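I'll drop the sequence and a predicted model, then ask my questions.
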Amino acid sequence: MTMRISAVETFIVTVPRDTPYLGPLGPGEHVNARGYLVRQGNGTIYPTVDRSVAVRVTAADGSIGWGETYGICAPRATCEIINDLLAPVLTGSEVDDVPATWDRLYDLMRVRGCWAGFHGDALAAIDIALWDLAGKAKGRPVRELIGPAVHSVIPSYLSGLPAATLAERVDLALNWQARGITAFKFAAVVSHEGIVEEMAALRSALGPDADILIDLHWKFEPAEARALIARLEPYRPGFVEAPLKPEDMSGLASLAAASPVPVAAGEEWYTSYEFANRLAFGPIAFVQPEMGHTGITQFLRIAEMAAQHGIAVAPHATIGAGIFLAASLQASATLPGLWKHEWQHSVFERNLKGLETDMGHGPEGYRLPSGPGLGVEPGHAFWAAAEAVA
Ligand code: MG
């Protein structure tokens with residue numbers, strides 16, 4: 001079905017939060033004049049609000065597709081790439097093949113080195129919106145356009161234990177366990193009492209059957225990571241995530257090959273081109289595509305490549321308004337190699353307040369939205385948080 005595109009618009013969606021992402025401020029951390037803090041544990045900048053960039057694509061018949069991407073930092077950069085560069089190319093054109101459209105838009109800037117980053121985010125948002133439009137044009141959920149949906153519920157793991165002390169984080173995990181949650185990930189960057197200590201305390205509290213995962217936030221040199229993993233192994237983490245700096249492709253493959261604990265990575269990767277380059281060094285156990293960076297087209301290409309190499313897919317979830325999360329669930333529903341999808345409970349609960357959707361979450365995992373396209377539409381709270389950017 002061909003869709004003629006008549007308009008592409010961008011919005012910054014900002015939602016205040018009581019506790020900064022990853023938990024209260026640690027020693028030496030402060031908020032700057034632009035509302036950002038730099039986490040001492042990983043040197044990464046975060047805002048004190050939840051923020052993303054949403055894209056509305058309108059077809060000539062008046063139907064609307066929604067997309068979304070990262071807007072955590074410098075969201076106007078992404079809006080400008082869409083408004084100045086991608087929207088004018090797309091507007092007035094006919095779209096009948098969304099992946100081919102991703103390729104066409106990627107071609108515009110690939111030889112200038114725009115393979116990822118803000119440019120990749122802009123591509124992802126538009127790609128998601130076009131898939132939403134295509135689903136609505138056919139009156140079917142996006143997952144049914146991709147292929148047979150092999151999961152009716154998307155299994156998940158709880159991500160993040162935002163509390164100031166280890167004792168409080170253990171209590172938080174126990175509370176969730178009492179509500180039926182069986183898989184947990186903690187962010188080592190805020191393990192102020194020690195990473196091994198946190199793993200040991202959680203294993204002791206949650207028992208032998210809980211899945212406990214550790215996000216290492218790209219913090220370590222290879223030798224440090226090997227030593228740390230050796231100390232963690234007795235407590236049987238389900239995986240260690242992002243142990244090394246993002247650029248160390250050969251180091252990650254070597255570590256994964258020798259590690260007694262499965263290694264996961266990939267939330268910062270944008271395309272199957274990058275994944276292929278990494279696979280040339282060797283596989284990892286889990287790949288973690290992030291829909292807000294990849295869009296549906298590249299998410300699926302990465303997952304297909306993972307399947308060919310026997311790598312499990314554990315999709316990442318991050319700060320957003322819930323639109324790219326819905327896209328991630330739609331795509332995940334079609335993956336035979338899906339393990340568990342990340343569940344950022346503190347973000348997702350607010351997402352549901354901003355959207356019109358029957359998407360949800362329970363102890364068994366995410367409930368897929370039933371509507372056509374992505375199955376989510378902006379509601380009153382979304383519009384109260386949204387600012388149009390021309
Ligand atoms: Mg992570």
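Arrived safely, thanks for sending. Note that the structure is predicted; figures quoted are calculated from it, not measured. Residues are numbered from 1 along each chain as shown.

Which residue comes closest to residue 259 once chain neighbours are left out?
Computed as C-beta to C-beta, 6 or more residues apart in numbering, the closest residue to residue 259 that is not its neighbour in sequence is residue 229, at 5.5 Å. Any C-beta I mention is one placed from the backbone N, CA and C, and that applies to glycine too.

Could you double-check that the one you found sits in contact with residue 260?
Yes. Assessed by C-beta atoms under 8 Å, residue 229 is found in contact with residue 260 at 6.8 Å.

Does the nearest residue to residue 25 once chain neighbours are set aside lie in a helix or a strand, and which?
Once flanking residues are discounted, residue 25 sits nearest to residue 37: 6.6 Å by C-beta to C-beta, 6+ apart. Using DSSP states H and E, residue 37 maps to strand 36-38.

and the longest strand seen in the chain, what other elements does it pack with?
Ranked by residue count under DSSP state E, the longest strand found in the chain is strand 3-16. For strand 3-16, the packing partners by 3 or more C-beta pairs under 8 Å, 6 or more residues apart in numbering; DSSP states H and E come out as strand 49-59, helix 75-80, helix 87-90, strand 94-95, helix 117-138, helix 345-354, helix 380-385, strand 386-389.

Dump the third one to CSV, restricted to CA.
Output of helix 87-90 as CSV, limited to C-alpha atoms (Å, rounded to 0.1, in the frame of the first residue of the first chain):
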residue,chain,number,x,y,z
ALA,A,87,11.2,16.0,6.5
PRO,A,88,11.7,18.0,3.3
VAL,A,89,12.9,14.9,1.5
LEU,A,90,10.1,12.8,2.8
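
what helices or strands is that helix leaning on?
Using 3+ C-beta pairs under 8 Å, 6+ apart, helix 87-90 is in contact with strand 3-16, helix 98-107.

Other residues contacting the last one?
Applying C-beta atoms under 8 Å, 6 or more residues apart in numbering, the contact partners of helix 98-107 are 86, 89-90, 95, 123, 126-127, 130-131, 134, 271, 295-298, 300-301.

tell me how far it is from the chain's mean position?
In this view, helix 98-107 has its centroid 21 Å away from the chain centroid, taken as C-alpha atoms, centre = their mean, to the nearest Å.

In that helix, which residues have enough neighbours to count as buried?
Under the neighbour-count criterion of 16 or more other C-beta atoms under 10 Å, helix 98-107 has 98, 99, 101, 102, 105, 106 buried.

What of the longest one?
Along strand 3-16, the positions that meet the burial threshold by neighbour count (16+ other C-beta under 10 Å) are 3, 5, 8, 9, 10, 11, 12, 13, 14, 15.

What mean pLDDT does it get?
Averaging pLDDT along strand 3-16 yields 96.

Partner strands of that strand, with direction?
Here strand 3-16 is paired, per DSSP bridges, with strand 49-59 (antiparallel), strand 94-95 (antiparallel), strand 386-389 (antiparallel).

Quick check: which of these is buried the most?
Comparing the strands paired with strand 3-16 by mean neighbour count (mean count of other C-beta atoms under 10 Å), strand 49-59 ranks first with a mean of 24.

Give the pairing partners of the helix or strand just after that strand; include direction for each.
Sequence order places strand 64-70 as the next helix or strand after strand 49-59, per DSSP H and E. Here strand 64-70 has these sheet partners by DSSP bridges: strand 49-59 (antiparallel).

buried residues in the host helix or strand of residue 171?
Residue 171 is located in helix 166-178, with elements delineated by DSSP H and E. For helix 166-178, a neighbour-count test (16+ other C-beta under 10 Å) marks 166, 169, 170, 172, 173, 176, 177 as buried.

ok, back up a step: run the angle between the longest strand of the chain and helix 117-138 for me.
120 degrees (axes from the mean of the first three to the mean of the last three C-alpha atoms, to 10 degrees).

ok and strand 3-16 relative to helix 98-107, angle-wise?
70 degrees.

What mean pLDDT does stretch 230-244 get?
Rounded mean pLDDT across stretch 230-244 is 98.

circling back to that earlier point, burial count for the residue nearest to residue 259?
Neighbour count of residue 229, defined by other C-beta atoms under 10 Å: 21.

residues contacting it?
240, 243, 255, 259, 260, 261.

quick one: what helix or strand has it in it?
helix 222-232.

just checking, next helix/strand downstream of that helix?
Going down the chain from helix 222-232, the next helix or strand is strand 240-241, by DSSP H and E.

excluding its backbone neighbours, what's nearest residue 319?
Nearest to residue 319 is residue 50, by C-beta to C-beta, 6+ apart, at 4.9 Å.

What separation do you get for that neighbour and residue 186?
As for residue 50, its distance to residue 186 is 20 Å (criterion: C-beta to C-beta, to the nearest Å).

how about the very next helix or strand once past the helix holding residue 171: buried residues?
Going down the chain from helix 166-178, the next helix or strand is strand 183-187, by DSSP H and E. Residues of strand 183-187 classed as buried: 183, 184, 185, 186, 187 (neighbour count, 16+ other C-beta under 10 Å).

coming back round to it: and the helix holding residue 171, what other elements does it pack with?
Under the contact criterion of 3+ C-beta pairs under 8 Å, 6+ apart, helix 166-178 touches strand 183-187, helix 195-206.

So which residues lie in contact with it, not counting its own?
Contacts to helix 166-178, defined as C-beta under 8 Å, 6+ apart, come from residues 158, 161-163, 184, 186, 191-193, 197-198, 201-202, 205-206, 210, 345.

Quick check on these: which are buried?
Among the contacts of helix 166-178, those scoring as buried are 158, 161-163, 184, 186, 191-192, 198, 201-202, 205-206, 210, 345 (criterion: 16+ other C-beta under 10 Å).

thinking again about what came up before, could you dump the helix holding residue 171 to PDB, C-alpha only?
C-alpha atoms of helix 166-178 as PDB (Å, rounded to 0.1, in the frame of the first residue of the first chain):
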ATOM      1  CA  LEU A 166      22.100  -0.900  49.200                       C
ATOM      2  CA  ALA A 167      19.700  -1.900  52.000                       C
ATOM      3  CA  GLU A 168      17.000   0.100  50.400                       C
ATOM      4  CA  ARG A 169      17.700  -1.300  47.000                       C
ATOM      5  CA  VAL A 170      17.500  -4.800  48.300                       C
ATOM      6  CA  ASP A 171      14.100  -4.000  50.000                       C
ATOM      7  CA  LEU A 172      12.900  -2.600  46.700                       C
ATOM      8  CA  ALA A 173      13.800  -5.800  44.900                       C
ATOM      9  CA  LEU A 174      12.100  -7.900  47.600                       C
ATOM     10  CA  ASN A 175       8.900  -5.800  47.200                       C
ATOM     11  CA  TRP A 176       8.900  -6.400  43.500                       C
ATOM     12  CA  GLN A 177       9.600 -10.100  44.100                       C
ATOM     13  CA  ALA A 178       6.500 -10.300  46.400                       C
END
